[in-house]
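Colleague: sequence-free structure coming up:
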């Protein structure tokens, strides 16, 4: 297995029959993996991007706007990674500042007022940890999104399409249904960060990846995600159109189901969904 990542031009064109968590990390980070604009262009029509948080400025690392999904008006938010080094620098490698999360929330609140479903695409290494972001309230912006999304009075469909990194991912990841592509990852911290903290040795990232339970299969088994979306053999970067088609079918199916549910029932189910995550069940007598 040849490793691949944002900083590595050698790529893995074939996965093992049973890919390891570390192999899946490499595919989730593949520089040719479909980005949020690939999904927007492949799934939606008449997309109108909205800019700015009305407080500080516009964050190019967060995409937000309105579009049509098969003639149904929807709101879209998503982390915006670039496709090459220049675009990644311009997009801050998909790591939003607080104004990015506030922009996303502004569009989600607009969707609530207009009674539009929200579709969120998660693909970020994490929220940007710079001094300026912290000074402008990074933690507060993430916490506010968690609070507001938990009670947003419109359906929310989340699709984890690449990296789901920590609170930076969760800040647009609270939804009624969480879909996850088969070779995406979703974790409280990167394997490298985990290894550096636990063992003071980032080179043990492969070991950390296995311990973090960050794969779609792990998270589906633990009840964190609701459905795994299959990818082409070797990963979505080898056949982006096939992956986008799979996402389209899943979005169509789940939007139809969510729109049928009364809003109070939807909110109650959303609350219970997140209350169940992390529950520990013990057998009697243990």
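Modeller: Perfect, I can see it now. Here the structure is a predicted model, which is why all the values come from computation and not from measurement.
Colleague: what about the closest residue to residue 236 other than its chain neighbours, how many neighbours?
Modeller: Nearest residue to residue 236 in three dimensions, chain neighbours excluded: residue 243, at 3.6 Å (C-beta to C-beta, 6 or more residues apart in numbering). In short, each C-beta sits where N, CA and C put it, glycine included. Residue 243 has 26 neighbouring residues, counting by other C-beta atoms under 10 Å.
Colleague: Same check on the one 10 residues further on?
Modeller: By other C-beta under 10 Å, the residues close to residue 253 number 13.
Colleague: So the residue nearest to residue 236, which state does it fall into?
Modeller: helix (DSSP: H, G, I helix; E, B strand; the rest coil).
Colleague: Begin at 103 from now on, thanks
Modeller: All set: I'll call the first residue 103, so the last point we hit is now residue 345.
Colleague: was I right about it contacting residue 336?
Modeller: No: using C-beta atoms under 8 Å, residue 345 is not in contact with residue 336, being 11.2 Å away.
Colleague: Could you check which helix or strand contains the closest residue to residue 145 other than its chain neighbours?
Modeller: Distances taken as C-beta to C-beta, 6+ apart place residue 350 nearest to residue 145, at 5.3 Å, with adjacent residues excluded. For residue 350, the element it lies in under DSSP states H and E is helix 342-362.
Colleague: Mind giving me the packing neighbours of that helix?
Modeller: Helix 342-362 is packed against helix 138-145, strand 164-171, strand 258-267, strand 279-283, strand 329-331, with contacts defined by 3 or more C-beta pairs under 8 Å, 6 or more residues apart in numbering; DSSP states H and E.
Colleague: Turn the ones you listed into TSV, columns for distance to residue 250 and mean neighbour count.
Modeller: Output for the helices and strands packed on helix 342-362, formatted as TSV (distance: least, C-beta to C-beta, whole Å; neighbours: other C-beta atoms under 10 Å):
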stretch	distance to residue 250	mean neighbour count
helix 138-145	21	19
strand 164-171	14	21
strand 258-267	11	27
strand 279-283	17	24
strand 329-331	24	18
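Colleague: Just put these in CSV and tack on distance to residue 220 and mean pLDDT.
Modeller: CSV is the format used below for the helices and strands packed on helix 342-362 (distance: least, C-beta to C-beta, whole Å; pLDDT from 0 to 100):
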stretch, distance to residue 220, mean pLDDT
helix 138-145, 14, 96
strand 164-171, 10, 97
strand 258-267, 5, 96
strand 279-283, 11, 97
strand 329-331, 18, 97
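Colleague: This completes my enquiry, with thanks.
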